[in-house]
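Enquirer: Mind folding the following:
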Amino acid sequence: MRRMIGRFLATCGWLAWQVGRRASGLKLPVSDPARAAATGAGIALLVLALVPLVLPLFDAQPQDVTVQRIMDGEATEAGGWVRLSARSVVRLDETPTGEEGSFAILADARNPLRSIVVQGDVRTAIASLGNVTGRLADAAVVVDVEMLPIEATVAGTPPVIVADQIVNLDSAPVPARRSLWPLSLIPLVLGAMFLIGARVGYPIFRETFEIDVLSSPLGPGERLPAAFGGHVGPNERNLADPGAALLLVRRGPKGNVLTAQPLAEEAGPPPAAVAIGGGWTSGRTGYVHTVTESVPALTIKSDEVDATFLFANVRERDRVAALVAVAR
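Expert: So this is what the prediction gives:
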């Protein structure tokens with residue numbers, strides 16, 4: 001589980017590192033342009049993720065009401081713009097208001113015994129049975145309930161009809177507001193990963209307390225190849241591009257001394273070996289995680305060394321770790 005978390009954090013760090021690497025040449029007024037660029041990219045993506053959530057809020061919507069609420073005078077939307085959920089919409093053959101036009105009676109979906117007259121494109125209202133939108137208008141409504149089609153009643157029982165208002169239908173029903181949250185997922189996840197990556201860096205070191213109990217400390221004259229990131233004496237390398245080194249033990253006046261020998265990458269004399277022991281020395285065992293692998297690692301801090309060493313396997317790491325004060 002720890003390795004899975006480490007690999008995830010390394011992936012976040014790699015994404016941030018890619019952005020930071022491209023922005024490293026920019027002259028930004030900050031101490032760490034690469035991290036600032038990755039942080040800025042993460043914040044920009046999080047803001048972008050908010051757009052699909054906020055944008056629908058600017059879409060004007062009618063008030064969702066029932067016929068009973070209209071009767072009770074609870075339709076308070078400016079202009080009387082309402083949305084009704086219909087159980088049925090039945091055309092009326094005669095005008096209920098004395099004016100010319102196409103009329104129908106709408107039975108409320110929640111209470112079919114409550115109805116209201118609608119005027120306008122009745123065919124569209126019938127075809128789009130479900131949500132009907134329009135604007136309330138005052139009108140004296142007279143409907144002979146005895147002459148209503150059976151579809152406008154409930155098993156022959158006539159409904160109560162709003163007597164002083166009708167609904168002038170919109171040319172097309174306005175659909176209910178829909179959240180576009182799926183569009184936010186990708187920028188939200190990427191933004192969070194950029195911010196995490198800018199915080200943890202790349203590659204990342206994760207401490208672990210597992211040890212190879214069969215490994216013995218590195219003895220005098222023995223040497224191990226390793227890679228390092230950080231600084232070993234005057235030699236400094238980025239952990240994302242580690243340098244090669246040999247770790248060896250030599251005898252000192254007060255016991256064995258662990259020594260790091262950075263290897264020259266170009267022709268010329270090799271860098272001088274740096275003694276790790278002496279003064280104060282501390283270390284932490286763990287793994288350095290990248291996008292593709294997890295490598296056994298040991299961080300060492302002493303008077304002249306502040307670096308992370310990478311090893312081929314856990315046994316080699318723990319042979320070196322046995323020579324320094326490692327937290328367990």
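Enquirer: quick one: contacts of the helix or strand Phe8 falls within?
Expert: Assessed by DSSP states H and E, Phe8 sits inside helix 2-23. Helix 2-23 has contacts (CB atoms under 8 Å, 6 or more residues apart in numbering) with 33-38, 41-42, 190, 193-194, 196-198, 200-204, 206, 208, 240, 287, 289-291, 294. Placement of C-beta: from N, CA and C, glycine included.
Enquirer: Could you give me the buried positions within it?
Expert: 6-7, 9-17, 19-20, 23 (16 or more other CB atoms under 10 Å).
Enquirer: and which of the residues you listed is nearest Arg110?
Expert: Cys12 (49.5 Å; CB to CB).
Enquirer: Helix, strand, or coil at the nearest residue to the closest one once chain neighbours are set aside?
Expert: With sequence-adjacent residues excluded and distances taken as CB to CB, 6 or more residues apart in numbering, Cys12 is closest to Gly197, at 3.7 Å. Following DSSP: H, G, I helix; E, B strand; the rest coil, the label given to Gly197 is helix.
Enquirer: residues in contact with Gly197?
Expert: So, once contact is read as CB under 8 Å, 6+ apart, Gly197 ends up touching Leu9, Thr11, Cys12, Gly13, Trp14, Leu15, Ala16, Trp17, Ala38, Gly42.
Enquirer: run the last query once more with 7 Å
Expert: Cys12, Gly13, Leu15, Ala16, Trp17, Ala38 (CB atoms under 7 Å, 6 or more residues apart in numbering).
Enquirer: my guess is the last one meets Val200, correct?
Expert: No - applying CB atoms under 7 Å, one finds Ala38 not in contact with Val200, separated by 10.7 Å.
Enquirer: These two: which has the busier surroundings?
Expert: Ala38 (30 against 18; other CB atoms under 10 Å).
Enquirer: Give me the pLDDT value at that one.
Expert: With respect to pLDDT, Ala38 scores 88.
Enquirer: What does Asn131 show for phi and psi?
Expert: Phi and psi for Asn131, reported as degrees, to the nearest 10, are phi -90, psi 130.
Enquirer: Do you have the strands of the stretch 51-200 of the chain handy? List them.
Expert: 63-64, 81-92, 103-108, 114-119, 131-138, 160-169 (DSSP state E, counting those that start in this stretch).
Enquirer: For those strands, give me JSON lines that also has mean pLDDT, mean neighbour count and distance to Ala245.
Expert: Shown next, in JSON lines, are the strands of the stretch 51-200 of the chain (pLDDT from 0 to 100; neighbours: other CB atoms under 10 Å; distance: least, CB to CB, whole Å):
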{"stretch": "strand 63-64", "mean pLDDT": "90", "mean neighbour count": "16", "distance to Ala245": "71"}
{"stretch": "strand 81-92", "mean pLDDT": "90", "mean neighbour count": "20", "distance to Ala245": "72"}
{"stretch": "strand 103-108", "mean pLDDT": "92", "mean neighbour count": "25", "distance to Ala245": "81"}
{"stretch": "strand 114-119", "mean pLDDT": "93", "mean neighbour count": "24", "distance to Ala245": "84"}
{"stretch": "strand 131-138", "mean pLDDT": "90", "mean neighbour count": "18", "distance to Ala245": "72"}
{"stretch": "strand 160-169", "mean pLDDT": "92", "mean neighbour count": "19", "distance to Ala245": "81"}
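Enquirer: Ala275 is nearest to which of those?
Expert: Per CB to CB, nearest to Ala275 of these: strand 63-64, 77.8 Å.
Enquirer: so what does that closest one touch, helix or strand wise?
Expert: strand 81-92 (3 or more CB pairs under 7 Å, 6 or more residues apart in numbering; DSSP states H and E).
Enquirer: ok, the strand it packs on: who's next to it in the sheet?
Expert: Its sheet considered, strand 81-92 pairs with strand 63-64 (parallel), strand 103-108 (antiparallel), strand 131-138 (antiparallel) by DSSP bridges.
Enquirer: and it with strand 114-119, angle?
Expert: 90 degrees (axes from the mean of the first three to the mean of the last three CA atoms, to 10 degrees).
Enquirer: starting at the chain centroid, how far to strand 81-92?
Expert: Relative to the centre of its chain, strand 81-92 is centred 41 Å away, using CA atoms, centre = their mean, to the nearest Å.
Enquirer: what's it in contact with?
Expert: 62-65, 67, 75, 103-109, 112, 122, 125-126, 129-136, 149, 151-152, 167.
Enquirer: what do you get for stretch 114-128?
Expert: By CB under 7 Å, 6+ apart, the surrounding residues in contact with stretch 114-128 are 67-68, 70, 89, 91, 96, 101-108, 132, 134, 141, 143, 152, 159-162, 166-169, 171-173.
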